[in-house]
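> from the sequence below, what's the structure:
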Amino acid sequence: MIRKTKILKEDSEFEVQDKFLVAAHAMACCVNLFCNVKKLLRVGLLLQQEQAAENGELEESETECESHQKRLVTLLTNTLNQYKHNYQQLLQLALGLQSLINDCVKSKDLTQIACKMNTVISGTHSDDATHLKVQIRHYAALEPLKEDFN
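Numbering: from 1, shown residues only. Down below sits the predicted model:
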């Protein structure tokens, strides 16, 4: 049985499978605490399309190719590599997400799932920061040159 969580948004109910929420929590804990799933999906899809076009698996017009390049050229190489890594990790953690990405009809569902996943990640980030507040004083010295870190 697949558990689902309801999202109330502008008088409409949308159910998100808990596996996506678990994947969001795993992304925050194991991959990237500050991950923005919506942006990750957008950049990841652009990278995926660019790779497919280079391999000859996807034909796109010159305008589409230029549009992709304009979006990706603003990102540094290290940032692009981080997006690639995070995108692959997300697809491995959230099984079933790839089929939503590839289905243009379900793009609204994907957007709502991404928003809910961002909420879970923010909550995880908040919880972690709250727990660390108590412990941080043990690690941070007021005058690092005079005090010893034991």
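
> tell me, what residue is most central in this protein?
What sits nearest the mean C-alpha location of the chain, by C-alpha atoms, centre = their mean, is V37, with 2.7 Å.

> tell me how far that one lies from K70.
Distance of V37 to K70, given as C-beta to C-beta, to the nearest Å: 23 Å. C-beta here means a position set from N, CA and C on the backbone, and glycine is covered the same way.

> thought the residue nearest to the centre of the chain was touching M27?
Yes - using C-beta atoms under 8 Å, V37 is in contact with M27, at 7.4 Å.

> hey, what's in contact with both of the two?
90, 117, 121 (C-beta atoms under 8 Å, 6 or more residues apart in numbering).

> next, the first one: secondary structure please.
Secondary structure assignment for L90 (DSSP: H, G, I helix; E, B strand; the rest coil): helix.

> which ones are touching it?
L90 makes contact with 23, 27, 31, 35, 37, 40-41, 44, 97 under the criterion C-beta under 8 Å, 6+ apart.

> could you measure from T63 over to C30?
Distance from T63 to C30, by C-beta to C-beta: 39 Å.

> next one: phi and psi at Q17?
Phi and psi for Q17, reported as degrees, to the nearest 10, are phi -70, psi 140.

> what does the pLDDT read for it?
On the pLDDT scale, Q17 is placed at 77.

> equivalent analysis for L72, please.
Value for L72, per-residue pLDDT: 87.
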